[in-house]
Structures are given as structure tokens and as C-alpha cells.
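Trainee: Sequence unavailable; structure follows:
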């Protein structure tokens with residue numbers, strides 16, 4: 001009788017373990033399904049947003065559009081350079097003509113104490 005009781009207890013533990021694994025799997029499936037639905041809604045929203053824009057790909061950009069885009073980029077670069085110069089106290093970096101010269105200037109500056117870096 002004792003052996004049957006121990007055997008039934010082991011079977012009960014095994015069934016409980018299987019049940020727990022099944023419940024965990026079911027919870028993961030629910031989470032995956034919810035995530036899939038969320039992603040589908042977000043994808044549909046992005047598709048709707050993108051539908052607002054129309055791009056005529058049959059015509060190449062005009063020279064005026066390319067020039068305007070180039071000027072915008074150049075002015076952005078000038079603005080960023082000005083901010084960097086201002087951030088370093090108005091001291092512009094020396095004009096380097098090659099990477100070798102840049103590395104030489106960098107190594108010389110690295111050898112100087114920080115309070116002596118200003119030109």
C-alpha cells in the first residue's frame with residue numbers, strides 16, 4: 001500500500017509539472033498573439049501615414065531641387081561647425097590637409113597639459 005501511495009504521489013507531481021508547463025506555454029501564446037496584433041495595428045497606422053505622401057518616381061529630381069538640397073546640407077554643416085567652434089571657446093581646429101597631418105596635430109595636443117590646449 002505504501003508503494004502505491006508513493007507511486008501515485010510521483011505521478012501527481014509529474015502531472016502537476018506538465019500542467020504548469022502547459023499553462024506557461026498558453027500564457028506565452030497569449031502574449032505572442034497580443035504582440036502580433038499590436039504590431040499589425042502599428043504597421044497599418046504607419047502604412048496610413050505613408051499613404052499621405054506621394055512620390056512621383058517617374059521623374060528624376062530637377063537640378064534646382066538638387067542644388068537646393070545641397071545648399072541646405074552645406075548650411076547645416078556650417079551651422080554645426082559654428083556650434084563646435086563656439087563649444088571649444090572659439091578656437092577653430094587647425095586646417096589639416098591630410099590624415100597624417102591630423103594625426104600629428106592630435107598627438108602633439110595630447111602631449112600638452114589640458115590648461116595649455118588653447119592656441
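Mentor: Yes, it's here. The structure displayed is predicted, hence computed values, not measured ones.

Trainee: domains in this structure, as residue ranges please.
Mentor: Domains of the chain are assigned by automatic domain parsing as 1-54, 63-116.

Trainee: Lowest average pLDDT across the ones you listed?
Mentor: Note on the domains of the chain: domain 63-116 shows the lowest mean pLDDT, a mean of 62.

Trainee: which helices and strands sit right next to the helix of greatest length in the chain?
Mentor: Assignment by DSSP state H gives helix 2-51 as the longest helix of the chain. Counting contacts by 3 or more Cβ pairs under 8 Å, 6 or more residues apart in numbering; DSSP states H and E, helix 2-51 is packed against no other helix or strand. Every residue, glycine included, has its C-beta placed from N, CA and C.

Trainee: distance of residue 47 from residue 55?
Mentor: 15 Å (Cβ to Cβ, to the nearest Å).

Trainee: Revised request: answer the last question for residue 1.
Mentor: Residue 1 is 82 Å from residue 55, by Cβ to Cβ.

Trainee: Please apply the same query to residue 37.
Mentor: Counting by Cβ to Cβ, the gap from residue 37 to residue 55 is 30 Å.

Trainee: Who has more neighbours out of those two?
Mentor: Taking neighbours as other Cβ atoms under 10 Å, residue 37 and residue 55 compare with residue 37 leading, 10 against 7.

Trainee: could you list every residue that touches the more buried one?
Mentor: By Cβ atoms under 8 Å, 6 or more residues apart in numbering, residue 37 lies in contact with nothing.

Trainee: Distance-wise, check it relative to residue 2.
Mentor: For residue 37, the distance to residue 2 - Cβ to Cβ - is 53 Å.

Trainee: do residue 21 as well
Mentor: For residue 21 relative to residue 2 (Cβ to Cβ), the value is 29 Å.

Trainee: From the neighbour counts alone, determine which of the two ranks first.
Mentor: residue 21 (10 against 6).

Trainee: Neighbours of residue 85, how many?
Mentor: Residue 85, neighbours per other Cβ under 10 Å, totals 13.

Trainee: Could I get the phi/psi values of it?
Mentor: When quoted as degrees, to the nearest 10, the phi and psi of residue 85 stand at phi -60, psi -40.
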